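>>> pasted the sequence and its predicted model underneath.
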Amino acid sequence: MDLFEHLNPSQRKAVEHVEGPLLILAGAGSGKTRVITCRIAYLIRHVGVDPQSILALTFTNKAAGEMKERVKALLGSLGDKVWISTFHSACVRILRREIDKLGYSRDFAIYDADDQLSLIKECLVQLDLNAELYPAASIAEKIRSFKNQGRDPSSLPEEVLLFSLDGKAVQVYALLQKKLKANNALDFDDLLLLTLRLFEGCPEVLARYQERFRYLLVDEYQDTNPTQYRLLKLLTQTRQNLCVVGDDDQSIYKWRGADIRNILDFERDFPAARVIKLEENYRSTQTILEAAGAVVAVNRERKGKQLWTRRGPGSKVTYFQAADELEEAEYVCRTIAQLLAQGGYSGQEIAVLYRTNAQSRSIEEALQKARIPYRVVGGLRFYDRKEIKDVLAYLRVAINPCDFLSLKRILSVPPRGLGKAALDRITQQAQASTGGWPELFQELLEGEGLPGAMRERLRAFRQLLEELVRSAQSLSASRAIEETIRATGYDRYLAKEGGPEGESRRQNVQELVTAARQFELEAPEGLLKDFLDGAALASSEDVKDDPTGRVNLMTLHSSKGLEFRVVFIGGMENQLFPHARSMESPPLLEEERRLCYVGMTRAKELLFLTNAAKRRLYGTEMYNPPSLFLKSIPDHYLQRIDGLTAQRPALAGPTPSRPDLPANSGAKAFCRGTRVHHPKWGTGVVVEVEGEGSSLKVTVAFQQGEKKKLAAKFAPLRLI
């Protein structure tokens, strides 16, 4: 197979670059996956690089899987020797071999976000912190931010205010890490952080992996956080054979820790770097590219690209302004129905995108009324379902005897006659125990004060766990799961539940067995612990293809990496998109522009932008002006449809607008001590007021401990 047959000149240059750092600026739809896979094949077939010395990293299992398939198609069995995985999966493989050097056992458990939240709630109780003042979810978000920055509790500045949310988060963070280590467990962000600590603290380990991985390739580099950046710098500091592929215009995950400076400053960090731009687009029409490019071109913090395509100009971008969110939904639904009726489009080729999940309600109701099948992408993950987590908890306890969080979950599922007093005693004893659950039950059974019946139930439970340990050690993943379901009586427990919900849960448990069998086909040498790792690392962003013809509904963030023949973007209004919290922050506003660019460039043929003059959302009525992003799009790219007069005569007339605040009325409404509510940040108190009329600004201290300075004219504040 000729590697260069389907490459354009820029792509070929990127493939043939061998030594030294390389930044591939890949515009939306420019064929970056083809470049990465062809580059791997070129290094192996034409340069003679050992495939085991290549490490290719990306962010989702779906992207990694696609990359593996393409490399194998180019190289055959040689492709299996290349390390191609997500950052987190690569770190798990390294830690399974090396984590004992950090004081953990190699059979560590991987806790998901719910598990971590449970531990954080325990920490709040132990530290006697008010859960209303310091919500566990807010603390978790702060801790995640610390870890993404590569910061341990001890490295955080002492000047953090003791009574602020940050200060309390540091206290919880320190206790959380102790609890995680006691459970021989890592949360999702620890996988990266502890790999970084391993490399920084064990030079001989770092040297071994530097020697192993001589060529690194990173996809979606604009999404890397500081911890990932430091890992890459360490691994490439001897040879600097680092090839990164990304698009600064698609950096939309600052809220998740991504740092756009990583890609913007690549040439500063690697002075010998070569930069190659991929600007030919294979997805969208020229009109869509020009319109999207006009939105993002306003940003100052960007490299700059000029996308073009051979596909021709195509249709204009349709802009529809509705009277309210109901009319907006009706228009979207009616247009979809027309496209489907024409026979040229199917539901899975159409996507409706929105800034916040709350916007989907009116769209869903309209689609239901029209009996148009749809799916909401980004719902509850399979591995997050209660019945799946229950079964996996048994397996985790069988593999990791120190996983007391999982032990706590299964003590009474299914119910086994252990009352609250017994459960509390087991939990307290577990916190004081220095061993795993075998030692814990030995202490309990040999101790005083346990009633005879309770002692027998505990002894039976211990015997059950010992049986599961034997199954985990001797059986395949699928057989071990089947044995766990049988031995624990979990199947009978679900059967008693009855009804459609109970039947659905039973089907999900059987699907877990199917998933394990599929894992065994793909990895014949894989062990049960490898299957559990895969379950823990399964990403909610791995959007699966849907062949059933349903229309796709999803947030703009969820749409990244996808493409559709037809795309609708709803809620193109200031305060909604761009989001209210970005209106006062230039960096956040630039990220909102990038998000708009991402959404627009998902469209291959038809793009619709819609908004509403009045919108009921979060329990209030909002009168927001059209999104400022619309002003960036030149008129000759737009076909305007005014729903206010053309679609519903009963609503014809001037567009309703948010009443202007007369001079000083805001000052009367907003004064120090006024309690207000914001749909994003919750309840707060006004602590400062400045200006008047349309220039009135208020500073609000919210319950989470954050202060925000807001323009009263735009901020969706409700007086309490």
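Perfect, thanks for sending it. Numbering: from 1, shown residues only.
>>> these two touch, right, Leu423 and Leu411?
Yes. Proximity of Leu423 to Leu411 meets the contact threshold set by C-beta atoms under 8 Å, at 5.8 Å. Using the backbone N, CA and C atoms, a C-beta is placed for each residue, glycine as well.
>>> who has more neighbours, those two?
Higher neighbour count among Leu423 and Leu411: Leu411, with 18 against 13, using other C-beta atoms under 10 Å.
>>> how about the more buried one, phi and psi?
The phi/psi pair for Leu411 (degrees, to the nearest 10) reads phi -60, psi -40.
>>> contacting residues around it?
Contact analysis of Leu411 by C-beta atoms under 8 Å, 6 or more residues apart in numbering lists 418, 423, 426, 461.
>>> which helix or which strand is home to the third one?
Assigning secondary structure by DSSP states H and E places Ile426 in helix 420-432.
>>> now that helix - C-alpha only, CSV.
Provided in CSV are the C-alpha atoms of helix 420-432 (Å, rounded to 0.1, in the frame of the first residue of the first chain):
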residue,chain,number,x,y,z
LYS,A,420,-27.3,-0.4,60.7
ALA,A,421,-25.5,-1.0,64.0
ALA,A,422,-23.5,-3.9,62.5
LEU,A,423,-22.7,-1.9,59.3
ASP,A,424,-21.5,1.1,61.4
ARG,A,425,-19.3,-1.2,63.5
ILE,A,426,-17.7,-2.8,60.4
THR,A,427,-17.1,0.7,58.9
GLN,A,428,-15.5,2.0,62.1
GLN,A,429,-13.4,-1.1,62.4
ALA,A,430,-12.3,-0.8,58.8
GLN,A,431,-11.1,2.8,59.3
ALA,A,432,-8.9,1.6,62.2
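>>> I'd say Phe519 and Leu532 touch.
No. In this structure Phe519 lies outside contact range of Leu532 using C-beta under 8 Å: 10.1 Å.
>>> off-centre distance for stretch 381-401?
21 Å (C-alpha atoms, centre = their mean, to the nearest Å).
>>> same question, stretch 454-466
With C-alpha atoms, centre = their mean as the basis, stretch 454-466 stands 40 Å off its chain's centre.
>>> show me the helices in the stretch 251-400 of the chain, by range?
261-264, 266-269, 286-296, 325-342, 360-369, 386-399 (DSSP state H, counting those that start in this stretch).
>>> pick the most buried one from the ones you listed.
Ranked by mean neighbour count under mean count of other C-beta atoms under 10 Å, the helices of the stretch 251-400 of the chain are led by helix 286-296, which reaches a mean of 23.
>>> distance between that helix and the chain's centre?
Between the centre of helix 286-296 and the centre of its chain there are 26 Å (C-alpha atoms, centre = their mean).
>>> mind listing what the nearest residue to Gly417 once chain neighbours are set aside touches?
Spatial nearest neighbour of Gly417, excluding adjacent residues (C-beta to C-beta, 6 or more residues apart in numbering): Arg457 at 5.3 Å. For Arg457, the contact set (C-beta under 8 Å, 6+ apart) comprises 416-418, 422.
>>> again with Asn400
Counting by C-beta under 8 Å, 6+ apart, Asn400 touches 105, 107-109, 183-185, 406, 436.
>>> which member of the residues you listed is positioned nearest Pro271?
Within the contacts of Asn400, the smallest distance to Pro271 is 39.0 Å, found for Phe108 (C-beta to C-beta).
>>> and the closest one, how far from Leu562?
Distance from Phe108 to Leu562, counting by C-beta to C-beta, to the nearest Å: 34 Å.
>>> flag every buried residue along the helix or strand in which Val205 is found.
Assigned by DSSP H and E, Val205 belongs to helix 203-212. For helix 203-212, burial by neighbour count (16 or more other C-beta atoms under 10 Å) applies to 205-206, 209-210.
>>> same for it, what does it pack against?
With contacts taken as 3 or more C-beta pairs under 8 Å, 6 or more residues apart in numbering; DSSP states H and E, helix 203-212 sits against helix 188-201, helix 226-235.
>>> in JSON lines, list the helices of the stretch 251-400 of the chain along with distance to Leu176 and mean pLDDT.
As requested, those are exported to JSON lines (distance: least, C-beta to C-beta, whole Å; pLDDT from 0 to 100):
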{"stretch": "helix 261-264", "distance to Leu176": "27", "mean pLDDT": "96"}
{"stretch": "helix 266-269", "distance to Leu176": "32", "mean pLDDT": "96"}
{"stretch": "helix 286-296", "distance to Leu176": "39", "mean pLDDT": "98"}
{"stretch": "helix 325-342", "distance to Leu176": "41", "mean pLDDT": "94"}
{"stretch": "helix 360-369", "distance to Leu176": "34", "mean pLDDT": "90"}
{"stretch": "helix 386-399", "distance to Leu176": "18", "mean pLDDT": "94"}
